[in-house]
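Asker: here you go, sequence then predicted model.
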Amino acid sequence: MSKKVKNKNKNNSWHYGLVAYLIAAYVYFVGFFTKFIYHKNKESQILDDNQQVIYAFWHNQQSFLLFPYRKKGKISVLVSMSSDGEYIARSLPKFRMKATRGSTSKGGYTALRGLIEDAKKGYNIALTPDGPRGPIYKASQGIIYLASKTKLPIVPGAVDCSHKFHVNSWDKFQVPLPFGRCAIVYEEPLYFTPDKDIKELCDILTDRINAATKKASEMCKKGK
């Protein structure tokens with residue numbers, strides 16, 4: 001490797017580290033000045049029992065969850081191999097979370113294998129079933145495969161914030177702003193059963209995350 005390439009990698013590392021620090025600082029600032037509201041479907045009370053689960057939420061909502069999830073125990077988060085994913089991967093340890101790199105488009109098998117190993121070590125798993133390239137608001141089959149291998153329930157979740165703005169990206173990525181309300185909603189867990197078609201399970205998961213998203217939006221508007 002040439003000296004020029006080495007220097008480029010070094011500069012990139014410095015840049016990623018700085019941006020990750022700024023992301024974490026901003027999220028903590030917003031988090032401390034945000035009122036969090038929680039709602040759980042009665043079947044999702046398994047979260048109160050500290051059972052190991054797979055958290056599933058839409059790609060554009062992930063920035064809302066870093067602050068409140070920092071106290072949820074051991075969490076391994078699936079992060080894409082893209083340069084944008086590098087920022088997220090370096091931010092996660094600042095919230096006591098672990099990044100597992102990969103996606104449906106690159107490194108998918110390795111990532112799933114890593115998540116399965118993390119589950120065996122007692123980690124909860126968190127991923128966005130419509131990422132990293134979409135289609136938006138539609139669950140892909142990877143999360144169902146993961147549930148079949150780990151035997152863990154998938155907890156459909158959603159979050160909305162009363163103060164936010166949207167980024168011009170494929171997923172309409174949402175960035176929270178301080179001094180507002182943030183609603184976090186959990187729907188009925190989804191269990192893998194071999195008697196159901198994988199596509200059917202994906203459709204059920206999609207419907208439940210969308211239902212949670214609608215409920216979170218309503219809670220933000222009502223303030224409770």
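Answerer: Thanks, I have the structure now. Residues are numbered from 1 along each chain as shown.
Asker: which stretches of the chain have low pLDDT?
Answerer: Scanning the chain for pLDDT under 70 picks out 1-12, 49, 103-108, 131-132, 223-224.
Asker: now do whichever strand in the chain runs longest: distance to the chain's middle.
Answerer: Ranked by residue count and defined by DSSP state E, the top strand of the chain is strand 154-161. On the basis of Cα atoms, centre = their mean, to the nearest Å, strand 154-161 is displaced by 9 Å from the centre of the chain it belongs to.
Asker: cool, stretch 160-169 as well?
Answerer: Distance, centroid of stretch 160-169 to centroid of chain: 16 Å (Cα atoms, centre = their mean).
Asker: helix or strand right after the longest strand of the chain?
Answerer: strand 164-166 (DSSP states H and E).
Asker: now for that following strand, which elements pack on it?
Answerer: Applying 3 or more Cβ pairs under 8 Å, 6 or more residues apart in numbering; DSSP states H and E, one finds that strand 164-166 makes contact with strand 174-176. (C-beta placed from N, C-alpha, C; glycine too.)
Asker: quick one: name whatever helix or strand follows the strand it packs on.
Answerer: As assigned by DSSP H and E, the chain's next helix or strand after strand 174-176 is strand 181-186.
Asker: where do the helices sit along this structure?
Answerer: 3-32, 62-65, 83-91, 108-120, 142-150, 198-222 (DSSP state H).
Asker: would you reformat those as JSON lines and include mean neighbour count and distance to D48?
Answerer: Compiled in JSON lines, the helices of the chain are given as follows (neighbours: other Cβ atoms under 10 Å; distance: least, Cβ to Cβ, whole Å):
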{"stretch": "helix 3-32", "mean neighbour count": "13", "distance to D48": "22"}
{"stretch": "helix 62-65", "mean neighbour count": "23", "distance to D48": "18"}
{"stretch": "helix 83-91", "mean neighbour count": "18", "distance to D48": "28"}
{"stretch": "helix 108-120", "mean neighbour count": "17", "distance to D48": "20"}
{"stretch": "helix 142-150", "mean neighbour count": "20", "distance to D48": "21"}
{"stretch": "helix 198-222", "mean neighbour count": "18", "distance to D48": "17"}
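Asker: figure out which of those helices is closest to C161.
Answerer: helix 62-65 (5.7 Å; Cβ to Cβ).
Asker: contact partners of that closest one?
Answerer: 27, 57, 88, 126, 128, 159-161, 173-176, 182, 184 (Cβ atoms under 8 Å, 6 or more residues apart in numbering).
Asker: try it again with 6 Å
Answerer: Residues from elsewhere that reach helix 62-65 (Cβ atoms under 6 Å, 6 or more residues apart in numbering): 159, 161, 175-176.
Asker: cool, and stretch 133-146?
Answerer: 56, 104, 112, 115, 129-130, 170-171, 198, 201-202, 205-206.
Asker: nearest to S76, of those residues?
Answerer: Of the contacts of stretch 133-146, the one sitting nearest to S76 (Cβ to Cβ) turns out to be L115, at 6.2 Å.
Asker: quick check: the closest one touching R101?
Answerer: No - using Cβ atoms under 6 Å, L115 is not in contact with R101; the gap is 10.6 Å.
Asker: if we can go back for a sec, and the angle from the longest strand of the chain to helix 142-150?
Answerer: 140 degrees (axes from the mean of the first three to the mean of the last three Cα atoms, to 10 degrees).
Asker: what residues sit buried inside strand 154-161?
Answerer: Neighbour-count burial for strand 154-161, counted by 16 or more other Cβ atoms under 10 Å, picks out 154-161.
Asker: that'll do, ta.
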